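S.K.: Take a look and give me a structure for this.
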Amino acid sequence: MSVTNVRSIKAPEEHAVSRPRALLLIDPLLMLGALGLIGCSLVTLHVAARSAGGNLVERQGLYAGIGLLAALVLAQIDYSRLREYRYVAYGLMIVLNIVVLGMPAIQNAHRWIPLPFFQIQSSEFGKVLLIVSLSAFLVGRSRRLHERRTTARIMLLALVPAMIVIPQPDIGTALVYVAIGVTILFVCGTPWRQLTALAALMAVSVAIGLVGAPALGVHLLKPYQQQRLTTFLDPAHNCSNQTCYQLNESLIAIGSGQKTGRGTLGATQTELGYLPAPSTDFIFAALAETYGFVGAALVLSLYALVIWRGLRILTMSKNLYGTAIAGGILAMLMFQVFVSVGMTLGIMPTTGVPLPLMSYGGSSVVVTLIAIGLLQSIHVQARIASAGKNRGVV
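M.R.: Just a heads-up that it's a prediction; the model follows:
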């Protein structure tokens, strides 16, 4: 039998594995972690909704359902095809973030594009679009990763949308974009000396923006933005602003939770409205007050599970593009968890970064689950490629 005939016989077997059984090849622990976080979010929002008002639990459940459906669809698609749409993805991200600046302000911010039945936050969808496009651009220059020009171009592609979202204002998302760019460079093998130089350059730029420019009479950030970025460094001497009040109330809520929490009826900081934004920015503080150390430890353990499985998927990816996407998604998740939890504890600035799958918000939940779907796609394709090698498929 000729080689051609052998290939024609074995190709349908590969097709049978890649399509009908795709959902059977997903990572169950990754999905368990995501579902667990959604469940914790709904339980916490049940308490937070009493002070915030509205049917937050029902809406969050609807957003989660839409995101889970999108994740399951993506898990059945070969993520490698997305490389062909890198220019479309990057262009769409830029357009959405520019268009939103002309939208009506909501709570003194231009972050949402109103649609007939809901609103979308363009900067949130920009995260996954940046990961997909930036990974493709870097893979296209994989043979020139050692060149400084490659590092500069990739970081410039990440900094452009970051600079666009700052006027919305949304410094938190801008920092996420930068973290995504640096991490994708790292996982793809950019030399350490270039990463070190890049880190030093960013540190100098931040110092100039926060210290040097104001000394010369140039204010790149608004006063309240400067307070959010600096108050946590010395809260004892900066307690005359709103940011210090938010931090103090968050620490009171977390401390009052103790080991097992005050329960749904005793969480007075959250229920009586003392804790600011208990359903969004400070949802971790609301969780800690209501369910104590046990509840907080459970949620952090679920995040650890998701990140662990994401790291495993990164190492088993069938190609560099999958590795880059997984690295970008992990950067997005880890950065947001660290900053969001850290600001409620007073160890990070108050930047308004949502806690993935916990904070209330349709765009954040859907985008995070889309990212989970991309991780599942990488896992499924790696399993298919491994099965093909074991059977000798060529």
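S.K.: and residue 338, how many neighbours?
M.R.: For residue 338, the tally of surrounding residues (other C-beta atoms under 10 Å) stands at 15. Glycine gets a C-beta too; all of them are placed from N, C-alpha and C.
S.K.: wait, isn't it in contact with residue 351?
M.R.: No - the criterion here is C-beta atoms under 8 Å, and residue 338 misses it with residue 351 at 11.4 Å.
S.K.: Helix or strand: which one has the closest residue to residue 158 other than its chain neighbours?
M.R.: Spatially, and ignoring its direct neighbours in sequence, residue 158 is nearest to residue 181 (2.9 Å; C-beta to C-beta, 6 or more residues apart in numbering). The secondary structure element spanning residue 181 is helix 171-187 (assigned by DSSP states H and E).
S.K.: Point out where the stretch 151-300 of the chain drops to low pLDDT.
M.R.: Low-confidence regions of the stretch 151-300 of the chain, defined here as pLDDT under 70, cover residues 209-243.
S.K.: Helices of that one, start to end?
M.R.: With DSSP state H, counting those that start in this stretch as the criterion, the stretch 151-300 of the chain has helices at 171-187, 192-207, 213-215, 223-230, 242-257, 268-271, 283-316.
S.K.: Name the residues of the helix holding residue 181 that are buried.
M.R.: Buried residues in helix 171-187, counted by 16 or more other C-beta atoms under 10 Å: 171-185, 187.
S.K.: cool, and stretch 68-75?
M.R.: The neighbour-count criterion (16+ other C-beta under 10 Å) identifies 68, 70, 71, 72, 74, 75 as the buried residues of stretch 68-75.
S.K.: gap between the helix holding residue 181 and the chain center?
M.R.: Relative to the chain's own centre, helix 171-187 is displaced by 10 Å; criterion: C-alpha atoms, centre = their mean, to the nearest Å.
S.K.: ok and that helix relative to helix 192-207, angle-wise?
M.R.: Using axes from the mean of the first three to the mean of the last three C-alpha atoms, to 10 degrees, the direction of helix 171-187 lies 170 degrees away from that of helix 192-207.
S.K.: Make 24 the starting number, not 1.
M.R.: Will do, 24 is the new start, and the previous item becomes helix 194-210.
S.K.: CA-only coordinates of helix 194-210 in PDB, if you can.
M.R.: Coordinates of each C-alpha in helix 194-210 appear next as PDB, following Å, rounded to 0.1, in the frame of the first residue of the first chain:
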ATOM      1  CA  ILE A 194      -5.100  53.100  34.200                       C
ATOM      2  CA  GLY A 195      -5.700  49.600  35.500                       C
ATOM      3  CA  THR A 196      -6.500  48.100  32.000                       C
ATOM      4  CA  ALA A 197      -3.500  50.100  30.600                       C
ATOM      5  CA  LEU A 198      -1.200  48.300  33.100                       C
ATOM      6  CA  VAL A 199      -2.800  44.900  32.100                       C
ATOM      7  CA  TYR A 200      -2.000  45.600  28.400                       C
ATOM      8  CA  VAL A 201       1.700  46.300  29.400                       C
ATOM      9  CA  ALA A 202       1.800  43.100  31.500                       C
ATOM     10  CA  ILE A 203       0.500  41.100  28.600                       C
ATOM     11  CA  GLY A 204       3.100  42.500  26.200                       C
ATOM     12  CA  VAL A 205       6.000  41.800  28.600                       C
ATOM     13  CA  THR A 206       4.800  38.300  29.400                       C
ATOM     14  CA  ILE A 207       4.400  37.300  25.800                       C
ATOM     15  CA  LEU A 208       7.900  38.400  25.100                       C
ATOM     16  CA  PHE A 209       9.200  36.400  28.100                       C
ATOM     17  CA  VAL A 210       7.400  33.100  27.300                       C
END
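S.K.: relative to helix 306-339, how tilted is it?
M.R.: Put simply, helix 194-210 runs at 20 degrees to helix 306-339, going by the same axes, to 10 degrees.
S.K.: helices or strands up against helix 194-210?
M.R.: helix 145-163, helix 171-188, helix 215-230, helix 246-253, helix 343-368 (3 or more C-beta pairs under 8 Å, 6 or more residues apart in numbering; DSSP states H and E).
S.K.: picking up where we left off before, for the residue nearest to residue 181, give its distance to residue 133.
M.R.: Distance, residue 204 to residue 133, using C-beta to C-beta, to the nearest Å: 23 Å.
S.K.: Closest to the centroid, which residue in the chain?
M.R.: In the chain, the C-alpha closest to the average C-alpha coordinate belongs to residue 355, at a distance of 3.6 Å (C-alpha atoms, centre = their mean).
S.K.: give the contact list for it.
M.R.: Contacts of residue 355 were listed using C-beta atoms under 8 Å, 6 or more residues apart in numbering, and they are 150, 154, 199, 202, 203, 379, 394.
S.K.: Could you do residue 205 as well?
M.R.: Residues near residue 205 by C-beta under 8 Å, 6+ apart: 178, 181, 218, 221, 222, 354.
S.K.: Could you point out which of the buried residues of helix 194-210 is nearest to residue 314?
M.R.: residue 195 (25.4 Å; C-beta to C-beta).
S.K.: Would you format the helices of the stretch 174-323 of the chain as CSV with distance to residue 172 included?
M.R.: Formatted as CSV, the helices of the stretch 174-323 of the chain follow (distance: least, C-beta to C-beta, whole Å):
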stretch, distance to residue 172
helix 194-210, 13
helix 215-230, 10
helix 236-238, 28
helix 246-253, 32
helix 265-280, 40
helix 291-294, 51
helix 306-339, 26
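S.K.: Show me the one of those helices that comes nearest residue 410.
M.R.: helix 306-339 (12.7 Å).
S.K.: list the helices and strands that closest one packs on?
M.R.: Packing partners of helix 306-339 (3+ C-beta pairs under 8 Å, 6+ apart): helix 51-75, helix 265-280, helix 291-294, helix 343-368, helix 385-414.
S.K.: Please give the centre-to-centre distance between the last one and its chain.
M.R.: Here helix 385-414 shows a centroid-to-chain-centroid distance of 16 Å under the convention C-alpha atoms, centre = their mean.
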